[in-house]
Every structure is written in C-alpha cells, then in structure tokens.
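Peer 1: please find the sequence and the predicted model below.
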Amino acid sequence: MSIDLGHWSTELDIIDLPFGFIYEITNINNDMKYIGKKQCTAVKKKPPLKGKKNKRHSIVETDWKTYTGSCNELNQDIEKLGKQNFTFNIIRTCSSKSEMAYWEAKIQFERDVLLREDYYNGIINLRVSKIKK
C-alpha cells in the first residue's frame, strides 16, 4: 500500500513517508522546469512541562502534499495558469537533510539549470555536509 502523495506523482515505489525528496515541476504550456527539494517531516519543539527542564520534541508532517516550490516566478505562473498546467514529479527520496542538499545540487548542476533558459531556477543555494547515515 502506497502513501497519499497529494499532487505529486512518481515512478518510485514509496511505501513509507521519507524524510524528504528531490522534485521536478514542469510547466506543460512552455516546458519550463524547476528542480528543488522538500522535507516531509520536521521536528517541532515544545516548551518543557511544568517543573521540568527538557524541551519536548515531536516529529510532524510538513505541507509537502500541497507545496509548489520556493521560486516566485514559478509560483506566479502556477497562480496565473492553474495547477492543472503543471506536473509535480518526485525524482528521488532522501533520508536526511544533508542527503537532500547533495542530490538537489548534483541534479541542478548536471542539468545546467543556471545556464539554460528552460529552467525557473535562478540560484543554487549550496550548503552540503557529509551525508549522515
């Protein structure tokens, strides 16, 4: 049994909710694309209980099912043209923040997103550490 992916599609077999994923959004009217990453879960910190010192932590699901990217130009086009004119495709799942950063940058460089006019990407924001297992 697979999980509900919201508006995302994929050819990957996703059974459990991953930490995050690398995605490609495509405008089907002009074939412009956007490569990005999205975290599926986050740690929510709550204040300590009365009389205690340690903060409480819980893992919560993010807004990934409805997320449309962080690019303003892309989101303006989605607003103007409607979500039905875009494909939202998960191309890789990741198990950590460092793994997501690595694969997002690697795919962006491989596809020359900053050198081509058919990509919405305007920056490769890079801060990568050794992938933690």
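Peer 2: It's in.
Peer 1: name the helices or strands packed onto the lengthiest helix in the chain?
Peer 2: Criterion DSSP state H: the longest helix present in the chain is helix 97-110. Judged by 3 or more C-beta pairs under 8 Å, 6 or more residues apart in numbering; DSSP states H and E, the packing partners of helix 97-110 are strand 20-27, strand 33-39, strand 86-94. C-beta: built from backbone N, CA, C; applies to glycine.
Peer 1: can I get those in a markdown table with mean neighbour count and distance to residue 55?
Peer 2: Shown next, in a markdown table, are the helices and strands packed on helix 97-110 (neighbours: other C-beta atoms under 10 Å; distance: least, C-beta to C-beta, whole Å):
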| stretch | mean neighbour count | distance to residue 55 |
| --- | --- | --- |
| strand 20-27 | 22 | 23 |
| strand 33-39 | 21 | 20 |
| strand 86-94 | 19 | 26 |
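Peer 1: wait, which of the ones you listed is closest to residue 60?
Peer 2: strand 33-39 (10.9 Å; C-beta to C-beta).
Peer 1: which residues does the residue nearest to the spatial centre of the chain form a beta bridge with?
Peer 2: Centroid-nearest residue in the chain: residue 38, 2.0 Å away (criterion: C-alpha atoms, centre = their mean). Residue 38 has these beta-bridge partners by DSSP bridges: residue 21.
Peer 1: ok, now how distant is it from residue 80?
Peer 2: Distance, residue 38 to residue 80, using C-beta to C-beta, to the nearest Å: 22 Å.
Peer 1: ok, now residue 99?
Peer 2: 34 Å.
Peer 1: report the distance from stretch 10-23 to the chain centre.
Peer 2: 10 Å (C-alpha atoms, centre = their mean, to the nearest Å).
Peer 1: average pLDDT for that stretch?
Peer 2: Taken as a whole, stretch 10-23 has a mean pLDDT of 94.
Peer 1: now the terminal residues of it, how far apart.
Peer 2: 9 Å (C-alpha to C-alpha, to the nearest Å).
Peer 1: again with stretch 53-63
Peer 2: Per C-alpha to C-alpha, the first residue of stretch 53-63 is 30 Å away from its last.
Peer 1: right, I'll call it a day here.
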